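K.L.:
no sequence on this one, just coordinates:
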């Protein structure tokens, strides 16, 4: 990947369970962003967490950031079949380039 | 949120031909646009960054003569894949950033290119 690793690469869980995805990055950041991509589609911005924040919530999403470990996690609670997608974390490199991790392919089984 | 469109959504062409993909920001002015390429089950790889009215900045390993980028206006950027070959078959996604909402980057729906 251009900026780091995400794990797991693939995750399959039952509907209603929680899904946790992790992301690591290499450079210093001002913020970290999570995106969702449905198969064959563009990316949808989910949430942005700034470097001075440790945790952020948005609906069923919870994002944490540990700048000392250069890592972030995305938690989706009470998963639904419609949450099936690939999830990517992205960080800004240099002045303006948004680059992504490898992504996690999440499958929610009904 | 802001909307970015891409055209065409899908294109099939013969090897050796050139293909142009358009990316438009529909309701905002995009001072910066980005082009990404994505192979199946892989992440998005940044190809180039373009600022309106100036030459694009290409990532290492991306041939600027093969992937021509034009960002002639604040709402339109084009990517032309010249002399396309089967290995250029991929999903191309553009993204646009508004100068006013710097942290937010909006993505187009992508263009599936298949080179026969």
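P.N.:
The structure has been received and is ready for your questions. None of the values given here were measured: they were computed from a predicted structure.

K.L.:
Would you quantify the distance from residue B:35 to residue B:72?
P.N.:
Computed as CB to CB, to the nearest Å, the residue B:35 to residue B:72 distance reads 15 Å. Placement of C-beta: from N, CA and C, glycine included.

K.L.:
Sorry, slip of the keys, the one I care about is residue B:8.
P.N.:
To residue B:72, residue B:8 is 19 Å away according to CB to CB.

K.L.:
Residue A:60 too?
P.N.:
For residue A:60 relative to residue B:72 (CB to CB), the value is 42 Å.

K.L.:
Kindly report the same for residue B:49.
P.N.:
The value you get for residue B:49 to residue B:72, if CB to CB is used, is 16 Å.

K.L.:
if I pick residue A:80, what's in contact with it?
P.N.:
A:15, A:108 (CB atoms under 8 Å, 6 or more residues apart in numbering or on different chains).

K.L.:
cool, and residue B:39?
P.N.:
Residue B:39 neighbours (CB under 8 Å, 6+ apart): B:90, B:91.

K.L.:
Looking at it now. What's its pLDDT?
P.N.:
If you check residue B:39, the pLDDT there is 93.

K.L.:
Quickly check: stretch B:19-30 near chain A or not.
P.N.:
No: using CB under 8 Å from any CB of the partner chain, we find that stretch B:19-30 stays clear of chain A, coming within 10.6 Å at best.

K.L.:
Isn't residue B:58 up against residue B:67?
P.N.:
Yes: under the criterion of CB atoms under 8 Å, residue B:58 makes contact with residue B:67 at 7.5 Å.

K.L.:
any residues in contact with both of those two?
P.N.:
Counting by CB under 8 Å, 6+ apart, the residues touching both residue B:58 and residue B:67 are B:47, B:48.

K.L.:
in chain A, which helix or strand is least confident?
P.N.:
For chain A, using mean pLDDT, DSSP states H and E, the weakest element among its helices and strands is strand A:6-7, scoring a mean of 80.

K.L.:
Return the list of strands paired to it, each annotated with direction.
P.N.:
Under the criterion DSSP bridges, strand A:6-7 sits next to strand A:19-24 (antiparallel) in its sheet.
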